[in-house]
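**Q** Build the 3D model from these lines:
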Amino acid sequence: MPKRRDKSEPPGSSAAGTVMLLIAVVYAAFPQLRNWYLVAAATGVGLVLTFIGSGRVYRPAVTQVSDAIICRYNPWREGTFYLAAIGLPLFGSMTIAWGSMADRGSPTFWRALGVLMIVSASIPIFVLFRQSRSTLLRISPGALSVSTPEHQRTVEIPRAAVQAVTATTGRLGNGAAAPVTQINYQSKDSAGGGTRTVLFGPTNTKKIAWLTVEQSDLLAGLQAWKDGDPNDSGLMDRVEQLLCGSRPATSDSGTH
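**A** Predicted coordinates:
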């Protein structure tokens, strides 16, 4: 399973995973420290951070329905969800185990901290599922239908109103940058018909809607849709292939 090319992984996840695996080795190697429950938990967290916490897309959340293509955020296909659902509870279990075997300090503190970490895993899981319910990109031959947390409603953008589809950069909550796909369109709701922007990307910000689609593939698919002939019967199939990361077969229309 390949990594996301858009690099949306939590910063330092691979390094943190390596550290956790080293901790597991140390606890397994020394009899005075050995606690197999702790070793198993450290190994599990290390593997989650190294392999799952790297922002993988297991399969793009792209579905073709009739003459339209629907793109969504699907937490089941994102590594971040498993990091929250598995990694955090495992780390909390490690902390509880450490509190149980600690012969100095405050075992009660470590146990309470572990329970808090396990309970707190529900917060990112809730956020991810809320994103999956509030984010939608529906692509039809004549229009885009967009639903984002920022809009709080579905906005229909006619093909003629789309001015540009471009690649830009969004800012993660920790200050790091990630690729984003920007759609500029002419809005009838604005006074004088001003230009508005909608952003799709793998970033954890309120103004950018999340989609389980590689950003390079999303950009290629939307550009092919914008530049294509809406009366071309094969257009939507080519757009779907691009969104899923496949190069469409060469056709007479010259679509790339």
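
**Q** Just list what the helix or strand hosting residue 166 packs against, helices and strands only.
**A** In this assignment (DSSP states H and E), residue 166 forms part of strand 162-171. Using 3 or more Cβ pairs under 8 Å, 6 or more residues apart in numbering; DSSP states H and E as the contact test, the elements touching strand 162-171 are strand 177-186, strand 195-201, helix 215-227. Using the backbone N, CA and C atoms, a C-beta is placed for each residue, glycine as well.

**Q** any idea how far residue 34 is from the residue nearest the centre of the chain?
**A** Centroid check for the chain by Cα atoms, centre = their mean gives residue 202 as the closest residue, at 4.6 Å. Per Cβ to Cβ, to the nearest Å, residue 202 is found 40 Å from residue 34.

**Q** re the thing from before, of all the helices and strands packed on strand 162-171, which one comes closest to residue 244?
**A** Closest approach to residue 244 among those is made by helix 215-227 (7.0 Å; Cβ to Cβ).

**Q** From the contact counts, what lies against that closest one?
**A** When contacts are defined as 3+ Cβ pairs under 8 Å, 6+ apart, helix 215-227 sits against strand 136-140, strand 162-171, strand 177-186, strand 195-201, helix 235-243.

**Q** Dump these to a markdown table, plus distance to residue 223, mean neighbour count and mean pLDDT.
**A** Below are the helices and strands packed on helix 215-227 laid out as a markdown table (distance: least, Cβ to Cβ, whole Å; neighbours: other Cβ atoms under 10 Å; pLDDT from 0 to 100):
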| stretch | distance to residue 223 | mean neighbour count | mean pLDDT |
| --- | --- | --- | --- |
| strand 136-140 | 12 | 20 | 94 |
| strand 162-171 | 5 | 15 | 89 |
| strand 177-186 | 10 | 19 | 88 |
| strand 195-201 | 13 | 19 | 88 |
| helix 235-243 | 9 | 21 | 94 |
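
**Q** wait, which of those is closest to residue 155?
**A** Minimum separation from residue 155 across the helices and strands packed on helix 215-227 (Cβ to Cβ) falls at strand 195-201, 7.6 Å.

**Q** follow-up on the earlier one: and the helices and strands packed on strand 162-171 as a markdown table, adding distance to residue 38?
**A** Listed next are these as a markdown table, based on distance: least, Cβ to Cβ, whole Å:
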| stretch | distance to residue 38 |
| --- | --- |
| strand 177-186 | 34 |
| strand 195-201 | 38 |
| helix 215-227 | 39 |
